[in-house]
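Colleague: next one to model:
(2 chains)
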Amino acid sequence: MAYTPYDWQQTLRQKADYVEDRLRGGSPVAALSCREGILLLTTRRTQSKIFEIYDRLAFAGLGNPSDLEAVRHAAVDFAHAEGYQRSEQDVSIQRVVGFAISPALKRSFADPFRTPLVIRGLFVQVAEAPSEDLYYVLNYDGEFALYHDYAAAAGTDFAEVLMERVLSGEGSPNPKRKPRKALSLEEGLQRALQAWSTGRWALEEGTEAEPEPEEWEKAPLPPEEELRNVLAEALEGGGERVEAALLERDLRRERLLRFLPEEELNAFLP
Amino acid sequence: MTIEFEPDRTGGDFRRLLERAGGSAPAPLSPVPAAGAPQPEPRPGAGVRMRDRELPLGGEAHGTTVIALKYQEGVLNVADRRATAATGILYDEAEKILKLDDYTLIAIAGSYAQAAEAARYLRHSFKYYARSQLQEMSLEGKLSEVSKVLAQSVPSLLQGIGGFVPIVSTYDARKGEGRVFFYDILGARFESREYSAAGSGAEKIRGALEYIARAKKPFPEMSLDEALRESLLLLDVAAGLDPATSGLAGYPPLAKIITARGIEDVPEERVRVLKRELMTGV
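Modeller: Residues are numbered from 1 along each chain as shown, chains lettered A, B, ... in the order given. The predicted structure is shown next:
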């Protein structure tokens, strides 16, 4: 049987549909800069979904756990081999995502004889000042985008946009944008939980009423009470647990990623 | 390095990762040649020369005296700052106490190039294991990793260059105490009850260390100030007897501690104050 360009396009389309369908059920990931470091937050059932990649790099994502594992291992392997053969300072998020993981992911996705990896990942790099922190959101087809201050990864674009709006401080008494002042860890935690709940809301309740993409920036955010319900439901009925980690800004230490213990989180949970 | 998305191809073994990555581990760490591979010809007399650490080899930088002591809160590491090459002083601000992870220090004496490279390798190896396997490497695992690195310097030892002796100190959170391990040049490991010293100056003060422990007070019962005072004084004694060791006269010695809180530098100011007291005999 001949293999035509049409088939190839069709295959990619089908693969993309398959992956996006599976990603929709994934728990969103929110990340933002605060004074103490970069806070990463998501929920989990059994397996951990936030990982340390290298000295200043961490990774979190949603998707198939074994695909997350595969991407994580590839990133850890690349970073450590590079860091040893050159120096720790030469390993940057831009090299790890842009030159190692993304092209390989694209190659693997475009290969018609391979099952696509079900993954949407968030890579972060902590710096000395919050304004220099970097965020890369990486998609299953190898595409990636760079963000500053905060970033979100979720099952749909709509959910991501709403989460980003919450993370930017929209609707909060002191929006982060103007007089740029880094949040404290407590403030960051509150905002990240709110963003996560918004993402989950957009994936569940929001889907029916999902507006056209051009409306996303202006679509009303769900009221706070509803967000608390979404979170409470996930934690009780759904058997999920909040997983939050801080990639610390204290660069003197060798290992920077610190998972926040339950006691520290409980004060913020419904 | 080709990126493939297969979970865990190395089992957390950093050496295997480097082999896969296509890069070679640097020469001092390259694996022992396989049987049948051309072996370097041992130079006549090289062994004798290697055993006699007081005859430094031409041109190669050597670190000299390092001391590790247990004290009340954990472990104190103190090192003089001198690096020598042949019969000359190469550098008087060398750092010979290096961090392996947030709770482990390695203090090195001998070939500076190999030791520094080994420390870099070990640091990566521990971190790689922890990050890829999602659990810390055990203390036992870390200690034998140090042995392996030492064993790999055998080919260069046979050629008459290199060779170093490390002291590894760590804080054992399970036991709630500091621990000190020392090695011979081929990688044999021993645990020390109270103290350990390595390097050309160390030979001169080993007796004094034992004397202090017996006559004054066991080191693990000393406060940081007491332990620091004794070790600085010992470094000065070693400097008086060993030309390759710098004493208190020059740049202040380097001191680091490991406690339940992790690794901290003893502030240079504190060392300077003690140094002045010791030098003026107050």
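
Colleague: can you show me the helices along chain A?
Modeller: If DSSP state H is used as the criterion, the helices of chain A fall at A:5-23, A:65-85, A:93, A:102-110, A:157-167, A:185-203, A:205-208, A:224-236, A:262-266.

Colleague: also chain B?
Modeller: Under the criterion DSSP H, helices of chain B are mapped to B:14-21, B:46-51, B:112-133, B:139-151, B:154-158, B:202-211, B:224-241, B:268-280.

Colleague: so which of those gets nearest A:Leu134?
Modeller: Closest approach to A:Leu134 among those (CB to CB): helix B:112-133, 19.1 Å. All C-beta atoms are positioned from the backbone trio N, CA, C, and that covers glycine.

Colleague: can you give me the buried ones in that closest one?
Modeller: Neighbour counts over helix B:112-133 (16 or more other CB atoms under 10 Å in any protein chain shown) mark B:112-132 as buried.

Colleague: packing partners of the lowest-mean-pLDDT helix or strand in chain A?
Modeller: Within chain A, no helix or strand scores below helix A:205-208, which has a mean of 72 by mean pLDDT, DSSP states H and E. For helix A:205-208, the packing partners by 3 or more CB pairs under 8 Å, 6 or more residues apart in numbering or on different chains; DSSP states H and E come out as helix A:157-167.

Colleague: report the angle between the helix it packs on and helix A:224-236.
Modeller: Angle of helix A:157-167 versus helix A:224-236, following axes from the mean of the first three to the mean of the last three CA atoms, to 10 degrees, is 110 degrees.

Colleague: is it possible to get TSV of the helices of chain A that adds mean neighbour count and distance to B:Ser246?
Modeller: Listed next are the helices of chain A as TSV, based on neighbours: other CB atoms under 10 Å in any protein chain shown; distance: least, CB to CB, whole Å:
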stretch	mean neighbour count	distance to B:Ser246
helix A:5-23	14	62
helix A:65-85	22	31
helix A:93	24	42
helix A:102-110	18	51
helix A:157-167	23	54
helix A:185-203	24	44
helix A:205-208	13	69
helix A:224-236	16	61
helix A:262-266	12	47
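
Colleague: got the contact list for the residue in the stretch 151-270 of chain A that chain B sits nearest to?
Modeller: Of all residues in the stretch 151-270 of chain A, A:Glu254 sits closest to chain B, at 5.1 Å by CB to the nearest CB. Contacts for A:Glu254 (CB atoms under 8 Å, 6 or more residues apart in numbering or on different chains) come out as A:Asp55, B:Lys99, B:Asp101, B:Asp102, B:Arg123, B:Lys127.

Colleague: give me the pLDDT for it.
Modeller: At A:Glu254, the model reports a pLDDT of 82.

Colleague: output the below-cut-off pLDDT ranges for the chain.
Modeller: Answering for chain A, as no chain was given. Where chain A drops to pLDDT under 70, the residues are A:1-3, A:171-180, A:206, A:238.

Colleague: chain B is the one I meant
Modeller: B:1, B:23-59, B:282.

Colleague: residue numbers of it in contact with chain A?
Modeller: Contact residues (CB under 8 Å from any CB of the partner chain) of chain B with chain A: B:1-10, B:14, B:17-18, B:20-21, B:23, B:99, B:101-102, B:120-121, B:123-124, B:127-128, B:130-132, B:134, B:262.

Colleague: buried subset of these?
Modeller: Buried residues within the residues of chain B next to chain A, counting neighbours by 16+ other CB under 10 Å: B:1, B:3, B:5, B:10, B:14, B:17-18, B:20-21, B:99, B:101-102, B:120-121, B:123-124, B:127-128, B:130-132, B:262.

Colleague: just name the most buried of the helices of chain B.
Modeller: With neighbours defined as mean count of other CB atoms under 10 Å in any protein chain shown, the helices of chain B peak in mean count at helix B:112-133, which reaches a mean of 22.

Colleague: what packs against that helix?
Modeller: Counting contacts by 3+ CB pairs under 8 Å, 6+ apart, helix B:112-133 packs against strand A:50-54, helix A:65-85, helix B:14-21, strand B:61-63, strand B:97-101, strand B:104-111, helix B:139-151, strand B:164-172.

Colleague: cutoff 6 Å now
Modeller: Packing partners of helix B:112-133 (3 or more CB pairs under 6 Å, 6 or more residues apart in numbering or on different chains; DSSP states H and E): helix A:65-85, helix B:14-21, strand B:97-101.

Colleague: any chance of those in TSV, plus distance to A:Gly37?
Modeller: As requested, those are arranged in TSV below (distance: least, CB to CB, whole Å):
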stretch	distance to A:Gly37
helix A:65-85	18
helix B:14-21	26
strand B:97-101	19
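
Colleague: ok, now which ones touch A:Leu257?
Modeller: Residues in contact with A:Leu257 (CB atoms under 6 Å, 6 or more residues apart in numbering or on different chains) are A:Glu52, A:Ala58, A:Ala245, A:Leu247.

Colleague: B:Phe126 now?
Modeller: Counted by CB under 6 Å, 6+ apart, B:Phe126 has contacts B:Asp101, B:Met137.

Colleague: swap the cut-off to 10 Å and go again
Modeller: Shown in contact with B:Phe126 (CB atoms under 10 Å, 6 or more residues apart in numbering or on different chains): A:254-255, B:12, B:14, B:100-102, B:104, B:136-137, B:141-142, B:145.

Colleague: and A:Ile38, by the same measure?
Modeller: By CB under 10 Å, 6+ apart, A:Ile38 lies in contact with A:31-32, A:56, A:58, A:124-127, A:130, A:133-135, A:150-151, A:188, A:245-249, A:256-257.
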